[in-house]
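# Take a look and give me a structure for this.
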Amino acid sequence: MVRDGQDPRTGPRPRRARIGERCVTSWLPAGLDDGYGIDHLPYGSAQDARGRRFAAVRIGDAALDLTLASAELATKHAALFAEGTLDAFLAAGRPIWTQVRARVVQWLSDEAYRPALRPLLTPVDDVELLLPFTVADYVDFYA
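Below you'll find the predicted structure:
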């Protein structure tokens, strides 16, 4: 007997996480209904009130400055965010993306990183979002 294409000797499939269900928790409060919890950390590029551009990741109602965080925590991927854009990060490829994502989740879930990261969080209402990468080619099909 084959169950959904699965060998019957392997047992049932692991249960998938449901939407809104958290596997990891963050020391930073982020509600389930805001869409930006520890399970969904979108990258971007932003500018603060002083005009300084930085690579960022959103968590809850805050933007974490990845440019400073990766430099201050001496990560091997700090150079990827030094320019304040995602150009170098996107060019690095999936293995690096996976490593960086795991590191950011670790920072935001491990209480030991709170003192270092707390000053690098800015309310999203206090930053201006910028184009996060350089557009190499563009075709306007409506022109």
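# Going by C-alpha atoms from here, please, whenever you check contacts or count neighbours.
Fine.
# residues contacting the residue most central in space within the chain?
For the chain, the residue whose C-alpha lies nearest the mean C-alpha position (C-alpha atoms, centre = their mean) is Leu41; its distance is 3.6 Å. Counting by C-alpha atoms under 8 Å, 6 or more residues apart in numbering, Leu41 makes contact with Val57, Arg58, Ile59.
# Helices of the chain, start to end?
When assigned using DSSP state H, the helices of the chain occupy the ranges 66-72, 87-92, 94-109, 114-117.
# Which one, of those helices, ends up nearest to Val124?
helix 66-72 (14.1 Å; C-alpha to C-alpha).
# neighbouring contacts of that closest one?
Applying C-alpha under 8 Å, 6+ apart, the set of residues contacting helix 66-72 from outside is 54-57, 77-79, 81-84, 116-117, 120.
# and it, average pLDDT?
Mean pLDDT, taken over the full extent of helix 66-72, equals 95.
# low-confidence ranges in this structure?
Under the criterion pLDDT under 70, the flagged ranges of the chain are 1-23, 30-33, 143.
# mind checking the longest strand of it?
Longest among the strand segments of the chain by residue count, using DSSP state E, is strand 53-59.
# Would you mind getting the angle between that one and helix 94-109?
Using axes from the mean of the first three to the mean of the last three C-alpha atoms, to 10 degrees, the direction of strand 53-59 lies 70 degrees away from that of helix 94-109.
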